[in-house]
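Peer 1: sequence first, predicted coordinates after that:
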Amino acid sequence: MDLIMLMDFGIEYAEGVERCANNAALYEKLLKRYADEEQRTAELQYAMQNKDYDTLFSIVHEIKGVAGNLGIVPLYDAASDVVLMLRGKKYDCLEDAVNELTAVNEAAVSCIHAALR
């Protein structure tokens, strides 16, 4: 596991391990599980394209929670922005925010996969 790569991206490895009862193997398994869920980007884009804001909220809220628990700070921040927009029914810039979230998610997934090699 390349900890420097994770930390450079903004993943708080030590805090994530701490949230997993100081079990690094469990934390790394959870990071890998998150990174291996490939359908997330397609689900985000599909919900956005169809203006299915309830589904979009559910997906983004889940991403926010997982990112927060795993210490994936950039992803948590991007998801938080989208959640706030959806809660406030501020749809005018929502597509841009979802695209940013998608990009950050893809970067996080790539970083995790690279760090696990």
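Peer 2: Perfect, thanks for sending it.

Peer 1: show me where the protein has helices.
Peer 2: For the chain, the helices defined by DSSP state H cover 3-9, 13-19, 24-36, 39-49, 53-70, 73-87, 94-116.

Peer 1: lowest-pLDDT helix or strand in this protein?
Peer 2: The helix or strand of the chain with the lowest confidence, counting by mean pLDDT, DSSP states H and E, is helix 39-49 at a mean of 93.

Peer 1: report the buried residues of that one.
Peer 2: 40, 43-44, 47-48 (16 or more other C-beta atoms under 10 Å). C-betas here are computed from N, CA, C, even on glycine.

Peer 1: same check on stretch 3-14?
Peer 2: 6, 9-13.

Peer 1: so which of these would you say is closest to residue 71?
Peer 2: Lowest distance from residue 71 to the buried residues of stretch 3-14 (C-beta to C-beta) belongs to residue 12, with 3.4 Å.

Peer 1: correct me if wrong: that closest one contacts residue 69.
Peer 2: No - counting by C-beta atoms under 8 Å, residue 12 stays clear of residue 69, with 10.7 Å between them.
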